[in-house]
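Chemist: only geometry, no sequence info:
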């Protein structure tokens, strides 16, 4: 299964959701690959403990190769990096990804990722793709390459308006480029069960027919701590409430 975690709004927990669900997948014995397409490289650092620019191989190499001819080319599989965790691997981001975007766009390399991931799908049971907080070349490439899309949502009015626009963009891309793409669900993140507004927003979205997933992720300092030590929650605090919520969320989408 190839999944992309995407929202055009920043700060909604894309990288945290991607990494923690992937880590749970790997902890259950499934060969799992995470692809970091965000030049900021937060996912890469979270899973490896290293800055993206310090790694020898990255998604920059993959996309740069697509712009050039000649031998000595590495496949996407050659660029995969191990992590400290069994069954969990990463294709790293790199800050220079941004420098390639205009060339990739103009030369219509939008399908290159999908072509490469079709082969890797035979190796990895689950592939998770983290994206930049923008509908740009890299996020569109991910949506074209994926089978399912998860949309993080952080329960405020601005996020709600952005959600409507985002769903329209995904539907248009689906019609034009990837008829197999489905929005698997909206992931409510940083949920405060004691506050009235989050519950109200969720109820209204459900009444409107939006696919809000049944497990809501609480806000917790443990998430920030896990970022600091570069350890997904299943390895950092396996018995914590938020870790259990991630496990329940993983089970709900893999039932």
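Modeler: Structure's in. What do you need? Keep in mind it's a predicted model, so treat the numbers as computed, not measured.

Chemist: where along the stretch 151-255 of the chain do the helices fall?
Modeler: 157-177, 196-207, 221-229, 233-236, 241-253 (DSSP state H, counting those that start in this stretch).

Chemist: most neighbours per residue, which of those helices?
Modeler: Comparing the helices of the stretch 151-255 of the chain by mean neighbour count (mean count of other C-beta atoms under 10 Å), helix 233-236 ranks first with a mean of 22. (C-beta placed from N, C-alpha, C; glycine too.)

Chemist: rewinding a little: in TSV: the helices of the stretch 151-255 of the chain, plus distance to residue 27 and mean pLDDT.
Modeler: Shown next, in TSV, are the helices of the stretch 151-255 of the chain (distance: least, C-beta to C-beta, whole Å; pLDDT from 0 to 100):
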stretch	distance to residue 27	mean pLDDT
helix 157-177	29	89
helix 196-207	28	90
helix 221-229	14	97
helix 233-236	5	98
helix 241-253	9	98
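
Chemist: now those helices as CSV including distance to residue 40?
Modeler: Output for those, formatted as CSV (distance: least, C-beta to C-beta, whole Å):
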stretch, distance to residue 40
helix 157-177, 19
helix 196-207, 27
helix 221-229, 13
helix 233-236, 21
helix 241-253, 22
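
Chemist: and the ones you listed: which comes nearest residue 21?
Modeler: Of all those, the one in closest proximity to residue 21, counting by C-beta to C-beta, is helix 241-253 (5.4 Å).

Chemist: just give me the neighbour total for residue 14.
Modeler: 27 (other C-beta atoms under 10 Å).

Chemist: for it, which non-adjacent residue is spatially closest?
Modeler: Closest residue to residue 14 apart from its sequence neighbours, by C-beta to C-beta, 6 or more residues apart in numbering: residue 5 at 5.0 Å.

Chemist: which residues touch the one you found?
Modeler: Residue 5 makes contacts with 14, 17-18, 128-131, 149-152, 187, as judged by C-beta atoms under 8 Å, 6 or more residues apart in numbering.

Chemist: mind running it again at 7 Å?
Modeler: With contact set as C-beta atoms under 7 Å, 6 or more residues apart in numbering, residue 5 has these partners: 14, 17-18, 128, 130-131, 150, 152.

Chemist: widest-spaced pair of those?
Modeler: 128 and 152 (13.0 Å).

Chemist: and these two? Which one has more around it.
Modeler: Shown here are residue 128 and residue 152; by other C-beta under 10 Å, residue 128 has more neighbours (27 against 24).

Chemist: correct me if wrong, but that one is in a strand.
Modeler: Yes. Checked against DSSP: H, G, I helix; E, B strand; the rest coil, residue 128 lies within a strand.

Chemist: wait, it sits on residue 34?
Modeler: Yes. Here residue 128 lies in contact with residue 34, judged by C-beta atoms under 7 Å, at a distance of 4.9 Å.

Chemist: find the centremost residue of this protein, please.
Modeler: The chain has residue 130 as the residue nearest its centroid, 2.7 Å off, counting by C-alpha atoms, centre = their mean.

Chemist: beta partners for it?
Modeler: Note on residue 130: beta-bridge partners by DSSP bridges are residue 5, residue 36.

Chemist: just the buried residues of stretch 82-98, please?
Modeler: 83, 85, 87-94, 97 (16 or more other C-beta atoms under 10 Å).

Chemist: and what of stretch 51-63?
Modeler: For stretch 51-63, the neighbour count (16+ other C-beta under 10 Å) marks 52, 55, 57-63 as buried.

Chemist: near residue 136, how many other residues are there?
Modeler: By other C-beta under 10 Å, 16 other residues sit near residue 136.

Chemist: what pLDDT does it get?
Modeler: Residue 136 carries a pLDDT score of 96 in this model.
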